[in-house]
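[1] give me a 3D structure for the following:
(chains A, B, C and D)
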2 protein chains.
Amino acid sequence: MVSDVPEVPTPAWRTARKPARAPRKPPVTAEAIVDAALEIVDTEGLEALSMRGVAQRLDTGAATLYAHVQNKDELLELVLDRVNGEVRLPEPDPERWQQQVRESARQIRDVYAAHNDLAKASFGKVPTMPNSLTAIEGMLALLKAGDLPDRVVSWAADLLALYTTSAAFEQGLLGLEERRNPGATDKYFRQLGEFFFALPPERFPTLTSMLASMIEGDGDERFDFGIDVITLGLRAYADRMLAEKAAEAGAEAGAADGEGAAATDRPATAADGSTN
Amino acid sequence: MVSDVPEVPTPAWRTARKPARAPRKPPVTAEAIVDAALEIVDTEGLEALSMRGVAQRLDTGAATLYAHVQNKDELLELVLDRVNGEVRLPEPDPERWQQQVRESARQIRDVYAAHNDLAKASFGKVPTMPNSLTAIEGMLALLKAGDLPDRVVSWAADLLALYTTSAAFEQGLLGLEERRNPGATDKYFRQLGEFFFALPPERFPTLTSMLASMIEGDGDERFDFGIDVITLGLRAYADRMLAEKAAEAGAEAGAADGEGAAATDRPATAADGSTN
DNA sequence: TCGTCTTACGAACGCCGTTCGTTTACTACG
DNA sequence: CGTAGTAAACGAACGGCGTTCGTAAGACGA
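    Okay, here's the model as predicted:
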């Protein structure tokens, strides 16, 4: 399309050896499409991703893409899986499971946030692609090393994924807007602060009395807070669960047994797989 | 435009008394626009919401809307605020703060999920509209009744909002798809189950060993799990924080003080915080 | 060299958010 | 009653979107 119709006829011996095909463009493959799509997301954000844009970047038409990808949704899933492939989770070390969970969650957040607001595309999608499954496998293994019951581990993975994805989205969105017009984010936050400080205390007594602490902390601190709360909560939840189960068993076995403090020394039977 | 050009001339005495204007259509106001938009979201989901669709429902043109609403984004914010107005949080009762938080989070989730996938529109938006602020105020008050430090309360509100919104979105999305073609959700879940059970155990040992517990539980149970984990975690986090502060102060004042048990006056839900 | 078969792709369809310039409907005043 | 002024309404258009269809081009075995 660029110069297929020369104004002057070309001598035969010139066309004889493969004319103008030297800078051969790479063939269109699903992989190349995913690459191009991710490049667009990386430079302009998720909203700027369009089939036409991807096609343009590959020097072809939009219709071509549909030979390799069912639709935009599938393309997004492929992009997400490629990004999930960037995640590297550690081998579980039971001695440090909480740190490992924190570090891993942080890594996942950072991997996603490095691709702007891409995380938004993962909301409400059930992960089924290879790299996504590998990431889940890794996180489950980490949690299981924490000696938690199976049900707690499973549901905790969901909870952590939710939290991590949300945080990644917010951070990525912020980074994107900061890149779009640097400095505007500061101004926005200042205006936001002014707005909140101007709220009437009689209508929002609690809110206005806590503005200082609401603004406190950067993204990392706040993210770590969430992870800490969740891991501490998992521990406490599991302990409570085991205590209840023990009390039940005790009540069934004999009424003489005192009840209560069962969360003291973590018995190794925590993950006995007794769930259903 | 409906019948301005009659095929047969109308006698003068018919048009004399205000022709065809009897079923006067209500004037276009921002409120009516929000109503129409919410109706569309309620019946067809967030993705089906378009300015043209809203205009059609009001029997007018899309351009008219822009006289009352800056753009689609602002319209969405107004819709969200209207929905936030449906939330009714209880007066804080320090004796039952954990139950109150759970009930409130559940109510918020249900309010949103009742409007299909509307919750998706709230991701990444800082709440500034009246009803949103009122909801935050209420949740902060509830958390503060739990006797948590200000910083914990502030950040916990963020965390809970994230979790609740995500859960509402997932539940709403599910409900929407179930309404779109009833029964298809069951089939989808069955296929999903088959897919996961067919995964190779040597590549996903942890995942495949826990499939039973991953599938366990309905939406409510799983949501409550998350809320319980978070509230238990908040308690534990606050206790650990206070213990550290106490230890610091103790170390400064004199080295003679014993350390540890700071969760004394709190009824102590298995939150010993002794891990690592 | 021919026929087949995969891949590429221009053009079109029906949507979308938003803007522009004009028309309409109503109010207030002469 | 007539008219000027004004705010609301809105048709038409712009550029872009996801997706489909029928055709064109190239690869390749017979």
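[2] from here on, contacts and neighbour counts on C-alpha atoms
    Noted.
[3] just give the closest residue to the residue of the stretch 101-250 of chain A found nearest chain B, not the sequence neighbours.
    The stretch 101-250 of chain A approaches chain B most closely through A:G233 (3.5 Å), counting by C-alpha to the nearest C-alpha. Spatially, and ignoring its direct neighbours in sequence, A:G233 is nearest to B:G233 (3.5 Å; C-alpha to C-alpha, 6 or more residues apart in numbering or on different chains).
[4] my guess is that neighbour meets A:L232, correct?
    Yes: with contact defined as C-alpha atoms under 8 Å, B:G233 counts as touching A:L232 (4.9 Å).
[5] need phi/psi at A:L199.
    phi -70, psi 150 (degrees, to the nearest 10).
[6] so A:D117 sits against A:A48, correct?
    No: between A:D117 and A:A48 there is no contact under C-alpha under 8 Å: 10.8 Å.
[7] now do the shared contacts for those two.
    A:V41 (C-alpha atoms under 8 Å, 6 or more residues apart in numbering or on different chains).
[8] who has more neighbours, these two?
    A:D117 (26 against 13; other C-alpha atoms under 10 Å in any protein chain shown).
[9] quickly note the distance from that one to A:S132.
    18 Å (C-alpha to C-alpha, to the nearest Å).
[10] how about A:D150?
    Distance from A:D150 to A:S132, by C-alpha to C-alpha: 20 Å.
[11] looking at the two, which has the bigger crowd around it?
    Neighbours per residue (other C-alpha under 10 Å) separate A:D150 from A:S132, with A:D150 holding more: 25 against 20.
[12] for chain A, just list every one of the helices.
    A:12-15, A:30-44, A:51-57, A:62-65, A:72-84, A:97-113, A:130-144, A:150-180, A:184-197, A:205-209, A:211-215, A:219-253 (DSSP state H).
[13] mean pLDDT for the ones you listed - can I get that in CSV?
    Output for the helices of chain A, formatted as CSV (pLDDT from 0 to 100):
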stretch, mean pLDDT
helix A:12-15, 40
helix A:30-44, 96
helix A:51-57, 95
helix A:62-65, 94
helix A:72-84, 97
helix A:97-113, 97
helix A:130-144, 97
helix A:150-180, 96
helix A:184-197, 93
helix A:205-209, 97
helix A:211-215, 93
helix A:219-253, 90
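[14] so which of those gets nearest B:L162?
    With respect to B:L162, and counting by C-alpha to C-alpha, the nearest of the helices of chain A is helix A:150-180 at 7.0 Å.
[15] give me the helices and strands touching that closest one, please.
    The contact analysis (3 or more C-alpha pairs under 8 Å, 6 or more residues apart in numbering or on different chains; DSSP states H and E) places helix A:150-180 against helix A:97-113, helix A:130-144, helix A:184-197, helix A:219-253, helix B:150-180, helix B:211-215, helix B:219-253.
[16] run the last query once more with 6 Å
    With contacts defined as 3 or more C-alpha pairs under 6 Å, 6 or more residues apart in numbering or on different chains; DSSP states H and E, the secondary structure elements packing on helix A:150-180 are helix A:97-113.
[17] show me what from chain A comes close to DNA strand D.
    A:A48, A:L49, A:S50, A:M51, A:R52, A:G53, A:A62, A:A63, A:Y66, A:N71, A:K72, A:D73 (C-alpha under 7 Å from any atom of the strand).
[18] and those residues, which of them are buried?
    A:L49, A:M51, A:G53, A:A62 (16 or more other C-alpha atoms under 10 Å in any protein chain shown).
[19] who's in contact with the residue positioned nearest the centre of chain A?
    Nearest to the centroid of the C-alpha atoms of chain A, with distances taken as C-alpha atoms, centre = their mean, sits A:T165, at 3.7 Å. The contact partners of A:T165, taken as C-alpha atoms under 6 Å, 6 or more residues apart in numbering or on different chains, are A:A119.
[20] mind checking how far it is from A:R96?
    23 Å.
[21] ok, A:F225 next?
    Counting by C-alpha to C-alpha, the gap from A:F225 to A:R96 is 17 Å.
[22] from the residues of chain A next to DNA strand D, which is closest to DNA strand C?
    A:A63 (4.3 Å; C-alpha to the nearest atom of the strand).
[23] how many neighbours does the residue nearest to A:L199 when sequence neighbours are not counted have?
    Closest residue to A:L199 apart from its sequence neighbours, by C-alpha to C-alpha, 6+ apart: A:T208 at 7.0 Å. Residues within reach of A:T208, counting by other C-alpha under 10 Å, total 18.
[24] my guess is A:P92 contacts A:L142. True?
    Yes: if you go by C-alpha atoms under 6 Å, A:P92 and A:L142 touch, sitting 5.0 Å apart.
[25] on that earlier part again, quick one, which of A:F225 and A:R96 is more surrounded?
    More neighbours surround A:F225 than the other of A:F225 and A:R96, with 20 against 14 (other C-alpha under 10 Å).
[26] what about A:I108, how many neighbours?
    23.
[27] and A:I33, by the same measure?
    Counted with other C-alpha under 10 Å, the neighbours of A:I33 add up to 22.
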